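1. Provided below for reference: sequence and predicted model.
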Amino acid sequence: SALAIMNGADPDVREFAGFNDTTFDIVHTGLVYFGRDPRNLFRAVKLFLDQVVEARAVVRVRFAGGESYAGVSLDTIAEECGIAEWFSCTAHIPREEALRLCGSAAVNVLLPQDEPLAIPSKVFEYVQLPVWMLAIAKPDDAVAQLLEDTTSRAVDPDDIQGMATFFGDRFRAWKRGERPEPMNADGRFDRSRQVDRLLDAMDAI
């Protein structure tokens with residue numbers, strides 16, 4: 001039988017946890033590779049803002065690490081989807097700056113993956129932070145299975161209303177002053193625990 005050992009989470013990321021009660025930031029870091037189309041995410045943000053009008057004054061959608069998708073600028077895509085007023089993006093930034101941005105966000109977003117069995121390494125950074133995470137993924141994708149029984153959620157790439165509802169629910173919680181526990185609060189994703197699983201399997205062989 002097969003055994004999957006995950007990359008695992010490191011403790012140094014925890015120091016970048018912040019608290020931002022001024023703006024409700026929806027953050028994505030990293031390049032927007034082909035296949036990680038942000039359009040439905042942007043449409044979901046627009047729907048959320050139409051449904052929860054009070055959020056318009058404090059929401060920000062912030063992308064860092066890439067400024068285009070498939071040769072089209074993210075600013076152009078954001079304008080086409082009706083969220084230009086709330087959107088900003090920057091090119092590459094240092095890792096510490098990216099972690100600080102993720103650590104002070106309300107929601108960290110993971111865009112769709114071309115490979116359903118892949119779990120991007122940044123997921124193991126997100127899990128160390130007291131921030132909600134929205135993974136845009138199909139139910140059978142590895143990322144969706146990883147998030148089962150956590151404070152975060154995976155939503156099908158075509159479920160725009162589902163994403164909008166997620167943002168609305170988290171915005172109302174944020175307004176109440178609530179913050180989630182880090183998904184790795186119980187240590188389930190620790191790199192050391194993954195190493196132990198590997199060594200135990202090797203011992204068994």
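-> Happy to help now that I have it. Owing to the predicted nature of the structure, the values given are computational and were not obtained by experimental measurement.
2. make it CA atoms for all contacts and neighbour counts henceforth
-> Fine.
3. could you give the mean pLDDT of the helix or strand harbouring Val61?
-> Here Val61 sits within strand 59-64, counting by DSSP states H and E. For strand 59-64, mean pLDDT is 98.
4. ok, now stretch 73-88?
-> 98.
5. Please name every helix or strand in contact with the helix of greatest length in the chain.
-> What stands out as the longest helix in the chain, according to DSSP state H, is helix 160-175. Using 3 or more C-alpha pairs under 8 Å, 6 or more residues apart in numbering; DSSP states H and E, the elements in contact with helix 160-175 are helix 39-51, strand 132-136.
6. Asp158 is nearest to which of the ones you listed?
-> helix 39-51 (7.0 Å; C-alpha to C-alpha).
7. Contacts for the closest one, please.
-> Residues outside helix 39-51 that contact it (C-alpha atoms under 8 Å, 6 or more residues apart in numbering): 55-56, 77-78, 81-83, 157-158, 160-161, 163-165, 167-168.
8. Just the buried ones from these?
-> 55, 77-78, 81-83, 157, 160-161, 163-165, 167-168 (16 or more other C-alpha atoms under 10 Å).
9. Make JSON lines from the residues you listed and add distance to Ala70 to it.
-> Shown next, in JSON lines, are the buried ones among the contacts of helix 39-51 (distance: C-alpha to C-alpha, whole Å):
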{"residue": "Ala55", "distance to Ala70": "30"}
{"residue": "Ile77", "distance to Ala70": "11"}
{"residue": "Ala78", "distance to Ala70": "14"}
{"residue": "Cys81", "distance to Ala70": "16"}
{"residue": "Gly82", "distance to Ala70": "19"}
{"residue": "Ile83", "distance to Ala70": "19"}
{"residue": "Pro157", "distance to Ala70": "18"}
{"residue": "Ile160", "distance to Ala70": "21"}
{"residue": "Gln161", "distance to Ala70": "25"}
{"residue": "Met163", "distance to Ala70": "23"}
{"residue": "Ala164", "distance to Ala70": "24"}
{"residue": "Thr165", "distance to Ala70": "28"}
{"residue": "Phe167", "distance to Ala70": "26"}
{"residue": "Gly168", "distance to Ala70": "29"}
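10. rewinding a little: can you tell me which of the contacts of helix 39-51 is closest to Ala4?
-> Pro157 (25.0 Å).
11. Might you report the residue contacts of Arg36?
-> 111-114.
12. I meant Asn7, not that one.
-> Per C-alpha under 8 Å, 6+ apart, neighbours of Asn7: 121, 124, 191, 194.
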